[in-house]
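Student: A predicted structure for the sequence below; I have some questions about it.
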Amino acid sequence: MTVSADQAVSPVPPWQAPVIVVTDDNAAKLRKQAASALDEDRLFGDAEAAIPLYLALRAHAPEDAAIRRGLQRAVVALVKQGDAELAGIDDDPLSLRRAHEVAAVARVAAPGDEQVAVFLERLDRADEAQEANRLGEDELNADRLGENGNGGAMAHFREALRLRPRDVRAMQGMAAAESTLIRRAELSAAADDYATAARWLDQAGKVRPGFAAVDDARGRIAMQRMVRVGRLRDMGLAALSREDGINEARSHLATLLRIAPSADPAAAELRQRIDLATHYGLFRPGQVFTDAIRNGGRGPQMAVIPHGAFRMGAGEGEPGEDSERPARNIRFERGLAVSRFEITVGEFRRFVLASGHRSRSTRRGYSTAYDERSGNFVRSGNVDWQSDYAGNRATDSMPVVHVSAKDATAYAQWLSEQTGQRYRLLSEAEFEYALRAGGRGLYPWGGGMPPDDTGNFTGALDKSPSGRRWSNAFTGYGDGSWGPAPVGRYAANAFGLHDMDGNVSEWVADCWHDTYRRAPRGGEAWVNPGCRARVVRGGSWASSPEQTRSSWRMSGEANSTTARTGFRVARDI
């Protein structure tokens, strides 16, 4: 008897036919018993089964054709029973053992029969498949899947399926391997490692192509990723609402950028909001706002100008004074709020009434005003901040003039106290940056004549109440004003600011220095304690074209007051 090497899978002892004594007297009776047992499909198991009886009868009468045919029929039935047991392995694990019992009988009953040999081959493949399944399950339990093609559980399960297609145990093993890969993907996703999760899912997709488990997992992880991205964005935005939250928001953004799909809108939104918070706090470039004043009402309208860089001063080959050089690059890393208009008489009046401040011109009883009869600027009595350029009563919408640099600083300090925010005069660098508003030309508008409605400059078409005209003016230009105009009459520049050039010149925070050598590189005000000379920037309604250039600057005694100089304020954001 040949014993299959894989008997170790389902070992059964060799079959031995029961001893049956056949004589001439009982042979006929035993033939009938054998035929009856065969019809009832009782093939082996005891001395009354078909195959033991036919084997005994054959031994008694080897040449009897009827006995040989009966035995052949019994062997055919036996092989059919064995195939049925092989087919039942997936539903009943003991079927394999019963198939081995059939094989043990077949090896004794018909060792050279071709159909028996074929059955034994099928049994061998089933045994090999079961052994492959066992090895695959051992590898699976050890978490050695072989996803990279180097052995492992899946190689054994695939071998089982090759030996026995549709083997349920092997297919379950492949499903378990797929589930393990999906679980690895889920764990990677839980650790925000979506790239690795995608690789695990790609591996899982190769295990059982056509099954929905991997696609379902992709959907779950994609939803988890979307929720996680949204959560990180929300946490980043929440951090930005706190004063010290920018670094936390950047940390959330770094994680978001690592896990979000490319060009994800949540990442773009948080990045933009961080950039805005970095440069503008809770504001936006171009935003216009006012602060509440503690004593009632609102402060001046403020426009948020963008952070950026520019080249300050007169460049090489450009007309200009030595005081405007050397030109240098200035960068502002943070935006700034600048009053849209020059501070008006009405706004200054509220300050005076609330604080009791007495301006320099009020205390000394005079200022420098325009004299229409002579066309000159002369000292005039009873002129102060309530007066217009000619010494008459000014309306509240006019830019305040006849104020000193110290008066302007006092107004900014009062605003700070009233609003709880830091108001101040602009630095000289900030003023030129705001005046140029991104331009690099000789004038804020570029070169040549001012475009219509640009501002209140000395135009050849302008005429005083008595018919005077400017001797040094922009040819062909007229703005309809002689003296300062109400604030906001002319067009705003690219930063949303009115009258940065023209209308009235403005005090800034810097002390006067003859050149920019050794000036601060960061754009802050260049201040020397106790300095008496301050910087005036921006041309006025009475300035020549030369004094309307973007880089033009002038020295003014800090206590001086004139009909050509006012101011505006800045607020840190």
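Tutor: Done, it's in.

Student: who are the neighbours in contact with the closest residue to residue 175 other than its chain neighbours?
Tutor: Nearest non-adjacent residue to residue 175, counting by C-beta to C-beta, 6 or more residues apart in numbering: residue 208, 6.6 Å away. All C-beta spots, glycine's among them, are computed from the backbone N, C-alpha and C. Contacts of residue 208 were listed using C-beta atoms under 8 Å, 6 or more residues apart in numbering, and they are 174-175, 178, 214.

Student: just the buried ones from those residues, in PyMOL syntax?
Tutor: In PyMOL syntax, the buried subset of the contacts of residue 208 is picked out as below (16 or more other C-beta atoms under 10 Å):
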select buried, resi 174+178+214
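
Student: quick one: contacts for the spatially most central residue of the chain?
Tutor: Residue closest to the average C-alpha location in the chain (C-alpha atoms, centre = their mean): residue 267, at 1.4 Å. Applying C-beta under 8 Å, 6+ apart, we find residue 267 in contact with 229, 233, 253, 256-257, 260.

Student: can I get the residues you listed in JSON lines including distance to residue 18?
Tutor: As requested, the contacts of residue 267 are arranged in JSON lines below (distance: C-beta to C-beta, whole Å):
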{"residue": "229", "distance to residue 18": "76"}
{"residue": "233", "distance to residue 18": "82"}
{"residue": "253", "distance to residue 18": "84"}
{"residue": "256", "distance to residue 18": "80"}
{"residue": "257", "distance to residue 18": "81"}
{"residue": "260", "distance to residue 18": "77"}
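
Student: of those residues, select the buried ones using a PyMOL command.
Tutor: For the buried members of these, the matching PyMOL selection, counting by 16+ other C-beta under 10 Å, is:
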select buried, resi 229+233+253+256+260
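
Student: picking up where we left off before, what's the nearest residue to the residue nearest to the centre of the chain if we skip its chain neighbours?
Tutor: residue 260 (4.7 Å).

Student: check that neighbour and give its pLDDT.
Tutor: Residue 260 is assigned 93 on the pLDDT scale.

Student: how close does it get to residue 212?
Tutor: Distance, residue 260 to residue 212, using C-beta to C-beta, to the nearest Å: 26 Å.

Student: also residue 43?
Tutor: 45 Å.

Student: again with residue 388
Tutor: In terms of C-beta to C-beta, residue 388 sits 83 Å off from residue 212.

Student: just the strands in the chain please.
Tutor: Along the chain, the segments classed as strands by DSSP state E run 288-289, 302-305, 308-312, 328-332, 336-339, 366-371, 376-381, 423-425, 505-511, 533-537, 553-557, 565-566, 569-571.

Student: what about those strands, which gets the closest to residue 438?
Tutor: strand 308-312 (7.6 Å; C-beta to C-beta).

Student: what angle do that closest one and strand 328-332 make?
Tutor: Angle, strand 308-312 to strand 328-332, by axes from the mean of the first three to the mean of the last three C-alpha atoms, to 10 degrees: 160 degrees.

Student: so what touches strand 308-312?
Tutor: Contacts for strand 308-312 (C-beta under 8 Å, 6+ apart): 327-332, 429, 432-433, 436, 438, 440, 516, 551.

Student: if we use 7 Å, what do you get?
Tutor: With contact meaning C-beta atoms under 7 Å, 6 or more residues apart in numbering, strand 308-312 is reached by 327-332, 429, 432-433, 436.

Student: taking these together, which two end up most distant?
Tutor: Between any two of the contacts of strand 308-312 (C-beta to C-beta), the greatest distance is 16.6 Å, for 327 and 332.

Student: give me the more crowded residue out of these two.
Tutor: residue 332 (20 against 16; other C-beta atoms under 10 Å).

Student: ok, back up a step: higher neighbour count, residue 388 and residue 212?
Tutor: Neighbours were counted for residue 388 and for residue 212 using other C-beta under 10 Å; residue 388 has more, 21 against 9.

Student: so how far is residue 536 from the more buried one?
Tutor: Counting by C-beta to C-beta - residue 388 and residue 536 are separated by 19 Å.

Student: just the CA atoms of stretch 119-135, as PDB, please.
Tutor: The C-alpha trace of stretch 119-135 is given here as PDB (Å, rounded to 0.1, in the frame of the first residue of the first chain):
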ATOM      1  CA  PHE A 119      -8.600  10.400  -6.700                       C
ATOM      2  CA  LEU A 120      -5.400  10.000  -4.700                       C
ATOM      3  CA  GLU A 121      -3.800  12.800  -6.600                       C
ATOM      4  CA  ARG A 122      -6.800  15.000  -5.800                       C
ATOM      5  CA  LEU A 123      -6.500  14.000  -2.100                       C
ATOM      6  CA  ASP A 124      -2.800  14.800  -2.200                       C
ATOM      7  CA  ARG A 125      -3.600  18.300  -3.500                       C
ATOM      8  CA  ALA A 126      -6.200  18.800  -0.800                       C
ATOM      9  CA  ASP A 127      -3.700  17.800   1.800                       C
ATOM     10  CA  GLU A 128      -1.100  20.100   0.400                       C
ATOM     11  CA  ALA A 129      -3.700  22.900   0.300                       C
ATOM     12  CA  GLN A 130      -4.600  22.300   3.900                       C
ATOM     13  CA  GLU A 131      -0.900  22.300   4.900                       C
ATOM     14  CA  ALA A 132      -0.400  25.600   2.900                       C
ATOM     15  CA  ASN A 133      -3.400  27.000   4.800                       C
ATOM     16  CA  ARG A 134      -1.900  26.000   8.100                       C
ATOM     17  CA  LEU A 135       1.400  27.600   7.300                       C
END
